[in-house]
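[1] attaching a predicted model along with its sequence, questions to come.
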Amino acid sequence: MASGTLDPISAPSSWDVVILGTTPSPGFCKVKGFKRVHEFDIKKGKGTVGATVTFTQKPPVEGEITFYLWDNGTMGTGHNHFVEWEAFRPLLKYDPTKKTVQAIDLFYPSLADIDVSSVVTTNIGGIEPDGDNGMYSITVAFLEYFPPGKNSAVSTPNTSGTGGPPPVVPGTPPGTPPPTDPEQEEIAKLLAQAGMP
């Protein structure tokens, strides 16, 4: 994301609202609970240390957004948050007897950062007073629209690829070279014969 909207200090207004479809939310909002989870199957070794981890799933992200309203058009800002909410709210509702239920595009910097861009609404709270500060809030729960791909995503990592020091096998004297992989040696020979590094 090279637009700079991920920087809440340089672009604070982009963190005040979510954009649902092409419509910005009224007032300001707080986004919480959205986490990108990577699920792994962990197979522990018997009589040894460590485990094999196999990536099995990247489930849809869930979270909540609380919308805050306070301006009823009398503050000279040119906004009436409550009227704007009435126009915004239908984007969050479904009535399958009237139209097909569809996901909707959503933009918010921290959600874009974890690749959440399309959502469905799982529940909508009513407008409630937010303490004694003259503000009102509505909390809405969202679920990422994230259909499965055609290819299997199951994968077992075989190395960290960090280029760090060679692994140390317990009981091996210091300075002993690590065990070699015959397949990797054969690949290296073929690359050398082809004149490739």
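    The structure has been received and is ready for your questions.
[2] quick one, helices of the protein?
    For the chain, the helices defined by DSSP state H occupy 81-88, 109-113, 182-193.
[3] how about those, which one is nearest residue 140?
    helix 81-88 (10.3 Å; Cβ to Cβ). Backbone N, C-alpha and C define where each C-beta goes, glycine included.
[4] what helices and strands are in contact with the closest one?
    Helix 81-88 sits against strand 62-69, with contacts defined as 3 or more Cβ pairs under 8 Å, 6 or more residues apart in numbering; DSSP states H and E.
[5] now the angle from the strand it packs on to helix 81-88?
    Compare the direction of strand 62-69 with that of helix 81-88 by axes from the mean of the first three to the mean of the last three Cα atoms, to 10 degrees and you get 140 degrees.
[6] which outside residues touch strand 62-69?
    Here strand 62-69 makes contact (Cβ atoms under 8 Å, 6 or more residues apart in numbering) with 18, 25-35, 81-82, 85, 108, 122, 127, 130, 135-144.
[7] list only buried entries from those.
    The neighbour count (16 or more other Cβ atoms under 10 Å) marks 18, 25-29, 31, 34, 81-82, 85, 108, 135-144 as buried among the contacts of strand 62-69.
[8] among these, which ones are in strands?
    Judged by DSSP state E, strands contain the following of those: 28, 29, 31, 136, 137, 138, 139, 140, 141, 142, 143, 144.
[9] rebuild these as JSON lines, extending it with distance to residue 73 and pLDDT.
    Converted to JSON lines, those look like this (distance: Cβ to Cβ, whole Å; pLDDT from 0 to 100):
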{"residue": "28", "distance to residue 73": "17", "pLDDT": "95"}
{"residue": "29", "distance to residue 73": "20", "pLDDT": "96"}
{"residue": "31", "distance to residue 73": "26", "pLDDT": "97"}
{"residue": "136", "distance to residue 73": "14", "pLDDT": "97"}
{"residue": "137", "distance to residue 73": "19", "pLDDT": "97"}
{"residue": "138", "distance to residue 73": "18", "pLDDT": "97"}
{"residue": "139", "distance to residue 73": "24", "pLDDT": "97"}
{"residue": "140", "distance to residue 73": "23", "pLDDT": "97"}
{"residue": "141", "distance to residue 73": "29", "pLDDT": "97"}
{"residue": "142", "distance to residue 73": "28", "pLDDT": "97"}
{"residue": "143", "distance to residue 73": "33", "pLDDT": "97"}
{"residue": "144", "distance to residue 73": "35", "pLDDT": "97"}
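[10] which one of those residues is nearest to residue 98?
    When these are compared against residue 98 (criterion: Cβ to Cβ), the nearest one is residue 140, at 20.2 Å.
[11] good, we can wrap up now.
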